[in-house]
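Peer 1: return atomic coordinates for the entry below.
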Amino acid sequence: MKKLLNWFDNNIFTIFSFFFLAFIPLYPKIPLFELITGYIVRVRLEDIFLLIAFLVFLIQLVRKKATIKTIIFWPMVIYIVIGFLSSLSAIFLIKTVPLEKIHVLKLFLHWLRRVEYFSIFYIFYNGIKNFKVARKMLIFSAFILIAVAIYGYGQKYLYWPVYSTMNREFSKGMKLYLTEHARVPSTFGGHYDLAAFTVIFLTLFISFYFLLSKKLLRWLYLGVFILIYWLLILTASRASFIAYLVTITVLLIILSFKKGVWWSLSRWFVLISLSMFVMIFFGDLSDRFAQLLKMPEIREKYQLDKLLRPFKPAPVKFVTLSKDIQLVMDVTDERPVPQKPQQGGNTANLPADVYEDIPDSYEEASKSATMAGFLTATVSAELAPVARTFSENAYKYGLSTAIRLDTLWPRAIAGFKKNILLGSGYSTLTKETVGQFTEAESTDNDYLRTLGETGLLGFISFFGIIFIILFNVIKFLRKELDPFLLAFIAGFISFSIGLLINALYIDVFEASKVAFIFWALTGILLASLYKDKYIKNAK
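Peer 2: Model (predicted):
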């Protein structure tokens with residue numbers, strides 16, 4: 001028993017690491033409860049487990065059985081301090097956050113989320129004793145990705161349930177089903193999050209396929225690569241697809257220094273050609289590029305995926321108001337009324353990426369009646385639809401891009417101007433007035449969001465962490481390393497650049513599952529490079 005307890009004590013972070021590597025991608029975004037009434041960010045199981053792991057980490061740190069000595073410890077501390085100062089500035093200096101409980105709580109909730117994202121790095125860093133453990137985790141991750149892909153396929157073709165965080169009502173744990181044009185989120189609560197996640201592992205797994213010598217592992221990674229590539233197509237995320245093309249290009253440029261220019265160029269050409277062929281002729285992603293490039297007629301003419309439709313008919317009620325919604329429902333909330341798509345609706349004047357003419361809102365209209373020929377009175381009331389209007393950018397670039405150009409990005413720039421050094425504070429960029437309580441935060445551009453919320457100091461300190469990581473990891477490319485580790489380093493550098501590109505269009509480093517996985521993989525890699533004596537001494 002004593003030996004078992006000693007083993008558990010010595011390997012607690014390795015156990016945590018394997019658990020989080022599986023749990024975070026696989027468990028859907030089903031909430032437990034809400035910290036702030038009516039707010040879209042809710043507490044989930046992963047938050048509870050991470051809190052437990054972090055408390056264990058602090059205990060082990062006191063016992064000197066864990067370490068914080070890493071190349072990014074102080075850069076992380078600097079960013080956290082700047083974020084805290086930004087929060088104080090927002091409350092007391094520029095007063096973009098009212099000194100009221102609900103607003104202050106929301107502000108510091110977002111600050112604590114950044115601490116939470118960083119905390120998983122130390123769990124994984126301390127969980128890696130040497131690269132043998134890291135190798136096992138990276139092999140284990142392939143089977144996790146298979147499960148993520150299968151569930152995504154089930155949502156698309158078999159109407160498996162979807163748990164979304166795309167709006168306040170859905171984020172309560174409502175069980176949904178995908179409609180024809182809906183994009184696949186798998187277990188990620190949103191298709192953009194899933195797309196960014198696939199970019200990480202597509203790059204990593206193809207790197208393993210190119211460099212490993214064991215056939216079984218190579219074919220495992222190639223098979224999973226194919227599975228999750230189609231998952232990327234099903235997300236219909238243009239930004240992530242472009243990021244994927246860039247990561248593959250960067251990866252093969254890196255490998256050209258080890259394998260030669262012709263070796264890399266030939267594989268780049270084959271991989272990019274096949275990727276483009278599948279994207280153009282199959283799935284909804286090509287529709288979105290066709291809309292952007294104003295070539296929908298070409299897409300329609302050469303569409304080859306007529307058979308790639310759901311394998312079973314859609315359920316009668318594609319929105320199911322099951323008991324799941326009661327998980328975190330406030331007693332004052334009203335249940336949303338499910339609407340079936342209107343057949344034959346007027347879609348002639350809609351933007352290219354809008355498929356249904358759904359009213360913007362409803363106004364109460366009085367219904368009058370004449371009694372006894374001379375008295376007119378209101379006898380009842382009904383809801384009258386208010387037509388939705390679209391901006392010039394919506395017709396020119398599509399609704400998705402127009403929201404960014406018309407609203408989200410200008411507000412982030414305005415937040416930055418309020419305090420160039422510290423920004424306007426977390427959770428302030430979507431508000432129209434200082435006292436407004438917004439139910440969600442999004443800028444859909446991580447650079448503008450960081451500038452708007454935490455200013456130049458926050459921008460430099462946060463992206464400085466990523467720069468320091470990449471700068472130090474690149475140095476190891478000059479050493480003679482195990483092929484598995486070389487593939488990991490090359491893949492990590494490439495997908496990090498891919499995420500930085502993705503950050504131009506989504507808040508990728510604030511997307512919880514993506515952020516957790518990025519910092520987890522960072523912990524695995526840095527521990528492998530700086531804790532393994534063989535690697536440090538390799539020449």
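
Peer 1: who's the closest spatial neighbour of residue 89, skipping the chain neighbours?
Peer 2: Closest residue in space to residue 89, ignoring its immediate chain neighbours: residue 422 at 4.6 Å, by CB to CB, 6 or more residues apart in numbering. No exception for glycine: its C-beta is placed from N, CA and C like everyone else's.

Peer 1: next, the one you found: phi, psi?
Peer 2: Here is the backbone geometry of residue 422 (degrees, to the nearest 10): phi -120, psi 0.

Peer 1: show me which helix or strand of the chain is least confident by mean pLDDT.
Peer 2: Ranked by mean pLDDT, DSSP states H and E, the weakest helix or strand in the chain is strand 319-320, scoring a mean of 43.

Peer 1: any idea how far stretch 198-207 is from the chain center?
Peer 2: Remark: stretch 198-207 is offset 15 Å from the chain centroid, using CA atoms, centre = their mean, to the nearest Å.

Peer 1: domain-wise, how is the protein divided?
Peer 2: 2-304+423-537, 355-389 (automatic domain parsing).

Peer 1: which residues does the residue nearest the centre of the chain contact?
Peer 2: Residue closest to the average C-alpha location in the chain (CA atoms, centre = their mean): residue 193, at 2.6 Å. Applying CB atoms under 8 Å, 6 or more residues apart in numbering, we find residue 193 in contact with 185, 511, 512, 513, 514.

Peer 1: you'd agree the fourth one is up against residue 188?
Peer 2: Yes: using CB atoms under 8 Å as the test, residue 513 is close enough to residue 188 to be in contact (5.5 Å).

Peer 1: could you point out which residue ranges in the stretch 201-350 of the chain have low pLDDT?
Peer 2: The model of the stretch 201-350 of the chain has pLDDT under 70 over residues 283-350.

Peer 1: find the residues that touch each one of residue 513 and residue 188.
Peer 2: Counting by CB under 8 Å, 6+ apart, the contacts common to residue 513 and residue 188 are 25, 29, 197.

Peer 1: and residue 470, how many neighbours?
Peer 2: The tally of other residues near residue 470 (other CB atoms under 10 Å) stands at 15.

Peer 1: likewise residue 111?
Peer 2: Neighbour number of residue 111 under other CB under 10 Å is 19.

Peer 1: which SSE is it in?
Peer 2: According to DSSP states H and E, residue 111 maps onto helix 101-127.

Peer 1: starting at the chain centroid, how far to that helix?
Peer 2: 16 Å.

Peer 1: now do stretch 432-441
Peer 2: Distance of stretch 432-441 from its chain centroid, counting by CA atoms, centre = their mean, is 22 Å.

Peer 1: pLDDT on it, on average?
Peer 2: For stretch 432-441, mean pLDDT is 86.

Peer 1: related to what we said a few turns ago, min pLDDT across the shared contacts of residue 513 and residue 188, which one?
Peer 2: residue 29 (88).

Peer 1: dump the residue contacts of it.
Peer 2: Residue 29 makes contacts with 44, 163, 164, 165, 171, 187, 188, 189, 513, as judged by CB under 8 Å, 6+ apart.

Peer 1: at 10 Å what do you get?
Peer 2: 42, 44-46, 163-165, 170-171, 173, 185, 187-190, 193, 512-513 (CB atoms under 10 Å, 6 or more residues apart in numbering).

Peer 1: still on that earlier bit, closest to residue 410 out of the domains of the chain?
Peer 2: Residue 410 lies closest to domain 2-304+423-537 among the domains of the chain, at 9.4 Å (CB to CB).
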